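**Student:** Can you look at this prediction? I've put the sequence above it.
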Amino acid sequence: MVGTGASATVALQTGNPRIARAETELLRERALVVTGPPGIGKSTLLDALAERAAEGGGAVHRLRPRRPDRDVPFALVADLLIDVGRCHLECLPVPQRHAVEQLLRHEVPPDGGPDPLGIRLALGAVLKAAAPALIVLDDVQWADPASAAALASVQALPAAVLVACPDAGGAPEFLYGAPQFTPPPLTVDEVAALLTAEGLPARLAGRVHRCGGGNPRVTLDIARAVAALPGPLRPLDELPLPERVSVMARRRLDAVGPPVRRVLLTAALAERPTPTLLRRSAGRDVEEELRAAARAGLVTTEGNELRFTAEVFASQLIDDSSWADRSAAHRSLSDAVTDPVAATGHRALATDDIDARLADDLEAAATTARARGDRRRAAQLALLAAHRTPTDLGDHRQQAAVVRRFVAAAEDAGRAGRVDLARRAAAEVLDHSTDAGERVHALLAILDAAGQALDDLDEVFARVAGEASGDPALLAAVELRRAWKANLCDGDPVRARGAAARAAVLAGQGKDAKVAVMALTMQARFERILGDPEAEATLERALGAAEPAGPDGLRNQPRYLRIRHDLFDDRLDRARSGLLSLLPVAERSGETEDLVEVLRSLAETETRAGRCATALRHADRALRISADAGISPGPSWYSAAFAEAAGGSFERARAFATRGVRASEEEHDQVFLSRNLHVLGLVQLVTGSSADAVEQLARVRAAETAQQVADPSLLRWPGDLAEALARTGDDALAEALIDEYAVVARELGRGSALGGLDRARAVVLMLRGAPDEAADLLLSTAHRFAGLGLPLEQGRCLWLLSRTRLRQRRRAAARQALTGALGLFDGAAAEAWSGLVREALGRLDAGGVVRASADGLTTAEEQLAGVVAEGASNREAAARLHLSVKTVETMLTRIYRKLGVQSRAQLAATRAARS
């Protein structure tokens, strides 16, 4: 790998547990065989381990035999001796020196070649003289047998050996039994980090990960191809597949032979391939072919389901196959599958026939898929049904059926979040229909499928408004989407409220009860944001309207907004009960955005209620669904960050929030930009980076002020910003902020928001030298949070109380406060906070202060010291810890002063001695 790709891969892996695990094995066994397919990162891992060995003072001999070298006796030994240096050759006995000189062609070798025994003895002597050393052999499968035998003959080899090859069978015989390590594929989150590092949209991470299977080289090649496009890649567009990726996929597929490829083609065309399905389809046992494919790293088996390790293998199989081969595979699958819906799809794909009966069967199959909640498959089947419908001139019934099926495909695609399918179906509707209603609904499906990414769809908005002109019901549906965009992308809830109100009036004129309810719901949502006291009345109007049956648009139904209000107002048990009742409805609906929305709300509710382990599960599921569907990742990264900041780790929360910020900025999503910034600022605050917290939370304040967000219960940043300001010495501004938002919180009756402000006021008092008043306020606030059923907020008050007690010189009371906080955090499975409190208790017991470690470092300074001690530069450390470079420089100055060191090397040595 070269250029930015290589640096990006190294950046991903630096400090990664992958390297730590591999280094541990190498140090313990003095040998390691790194295996894996091309591009998985073997060479990068070898580079990292070799660099660490060199930093430790040992000699590193890095060699890479090539395919022709395998036929040249002692070629690898010759390269190794040259790399070691002539200084060690001069001390060899004369016969051994002559053998080496002949091998290196410094002397003319005899007819039989250099003396093999002399070469082996010389190799052992030279390596012993050059010890300690690390021999690094990349592509060791091309090492010549004579060199492998020579290395094997050295008794008690005085060098550690690190090799890489595609599989363990390519390793030299003397390394049989050595530990093996295969770099795991990149995760979706790591792919997202790589894409953002390359300046590409994070929302592509799921698609890129599925295509390349997490292979770093493939990922980087695709990233480069996307970056080289003349314009940004839209959700509609297919990922560009570079020729090198296709060649790699084809080469690995060619290596397994035609019988295996035939079985894999069937698997590539099946919806959910299993070994059983493939046996039925082939009419024989295919275990041998599947084992060969698994050994080649093309497929894996999870339970009874077969998965390609990368979608590029499946797509390459299909692209390289003939129509006859694909038709035969679909025909065999139609007989082998047990699901009638899947059977109908395969039966249609086995032929190109235009067939009215087949089209009817496909429409019926789409209806069944829709009822099951599988909107993606419903869209695909409806598209197929439309394309297979005869369109005889003059037969209006057939023409109406074609349009109906295309409209259904568009709407299913919209609810599945599949912009590509929605655009294809909508284009067909616009080509085949002159009916305004059909054309509008097809265009609206594109907007619905886009999710958060509405900012670049102005052309679609303009066209659909023109198509809807003169029809109040259709215009109401358009205004509804405009309201959503105005708030989400433009950050203008005032304009959004106006659009929602117009939609409600138009829906009433057009007698569209469903859109009227959704419009009133959306109007109530924006009124709540703006602190409008009419919000509850508007919501009650929506709840009292005749709500249509069915789960369509769950996010915009009044019962869901009522649950969100319960969450904002800390009626958490009621919110949880309502969300759990909606979860199966969302699952059955097939609307990806709805399902993710419910899961995210559950994660937030469970976190606030102190059920952090459950919250993490909901957040993780939302993440996976978002990645699989390719929908906007910013909201799901926010939920993951929010849950991790309580029940996981602050480091992971920081990483998720940072990615969420980037994704939201990419998509101009003002709502989730503020939310991700809030979590990022909170993490920085509690881990000791108050200046950085002020920077992030001030951005939240600016955004929320610009958007005229008045209700402090929606995003509870004011108390966190006030605390950060106080800790950076700006207590006057902190107090003014508290006073400003406390008035609003009291007027609106937002008890927990007021509690967060009182907690920040206590910090101001403590830092002003009034610990007694601060302690009293923290105790009363903790009691209020307990009454609201918010254990994490209560625990945070006690954590701050411990610091206040120390300022009062009451160490026993400080321990009591920490013990109380730990009980709350442990009971909530709030691992991030429990770890913070346990560190503080340990330092208190050791005679230190709550904030500082035994050597005087804060939590944030400890993290930075560890990263720098591993060899990270200031810029790398800033990127890993999500700090500014200036903050890293300032913190390092403090760390050096506290530890009495003057350089990175001294810092690393001090930490090594301490451990």
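**Tutor:** Cool, the structure landed.

**Student:** need the next SSE after the helix-or-strand element of the chain with minimal mean pLDDT, C-terminal direction.
**Tutor:** Ranked by mean pLDDT, DSSP states H and E, the weakest helix or strand in the chain is helix 3-13, scoring a mean of 40. Once the chain leaves helix 3-13, the next helix or strand it forms, by DSSP states H and E, is helix 17-29.

**Student:** Mind listing what's buried along the longest helix anywhere in the chain?
**Tutor:** In the chain, taking DSSP state H as the definition, the longest helix is helix 396-416. Under the neighbour-count criterion of 16 or more other Cβ atoms under 10 Å, helix 396-416 has 399, 401-416 buried. Backbone N, C-alpha and C define where each C-beta goes, glycine included.

**Student:** Could you check how far Arg30 is from Ala143?
**Tutor:** 18 Å (Cβ to Cβ, to the nearest Å).

**Student:** Between helix 396-416 and the next helix or strand after the longest helix of the chain, find me the angle.
**Tutor:** Following helix 396-416 in sequence order, the next helix or strand is helix 419-432 (DSSP H and E). For helix 419-432 against helix 396-416, the angle by axes from the mean of the first three to the mean of the last three Cα atoms, to 10 degrees is 160 degrees.

**Student:** For helix 419-432, which outside residues touch it?
**Tutor:** 234-238, 376, 379-380, 382-383, 386, 399, 402-403, 406-407, 409-410, 412-414, 438-439, 442-443, 445-446, 448-450 (Cβ atoms under 8 Å, 6 or more residues apart in numbering).

**Student:** do stretch 90-99 as well
**Tutor:** Looking at what lies outside stretch 90-99 - Cβ under 8 Å, 6+ apart - the contacts are 89, 100, 107, 114-115, 118-119, 121-122, 125-126, 129.

**Student:** Could you single out the nearest of those residues to Leu229?
**Tutor:** Val126 (52.7 Å; Cβ to Cβ).

**Student:** what's the neighbour count on that closest one?
**Tutor:** 25 (other Cβ atoms under 10 Å).

**Student:** Distance of it relative to Val419?
**Tutor:** For Val126 relative to Val419 (Cβ to Cβ), the value is 63 Å.

**Student:** and what of Trp484?
**Tutor:** 16 Å.

**Student:** same check, this time on Ser589
**Tutor:** Taking Cβ to Cβ, one finds Ser589 at 18 Å from Val419.

**Student:** if you count what's nearby, which of those two comes out ahead?
**Tutor:** A count of neighbours by other Cβ under 10 Å puts Val419 above the other of Ser589 and Val419, at 26 against 23.

**Student:** Please tell me how far the more buried one sits from Ala542.
**Tutor:** Val419 is 29 Å from Ala542, by Cβ to Cβ.

**Student:** same thing with Ala202?
**Tutor:** 34 Å.

**Student:** cool, and Ala513?
**Tutor:** Taking Cβ to Cβ, one finds Ala513 at 11 Å from Ala542.

**Student:** my guess is Ala774 contacts Arg759, does it?
**Tutor:** No. With contacts counted by Cβ atoms under 8 Å, Ala774 stays clear of Arg759, the gap being 9.9 Å.

**Student:** Give me the contacts around the helix or strand in which Val226 is found.
**Tutor:** Using DSSP H and E, Val226 maps to helix 216-227. The contact list for helix 216-227 (Cβ under 8 Å, 6+ apart) reads 1, 4-5, 8-9, 12, 38-41, 44, 186, 191, 194-195, 198-200, 204, 208-209, 211-212, 233, 239-242, 244-245, 248, 310, 312.

**Student:** what comes up buried for the helix or strand hosting Glu861?
**Tutor:** Glu861 is part of helix 859-869, with elements assigned from DSSP H and E. Buried residues in helix 859-869, counted by 16+ other Cβ under 10 Å: 859-869.

**Student:** Average pLDDT for it, rounded please.
**Tutor:** Across helix 859-869, pLDDT averages out at 76.

**Student:** What's the mean pLDDT across stretch 309-329?
**Tutor:** Stretch 309-329 comes out at a mean pLDDT of 95.

**Student:** Quick one: end-to-end length of that stretch, please.
**Tutor:** In stretch 309-329, first residue to last residue: 21 Å (Cα to Cα, to the nearest Å).
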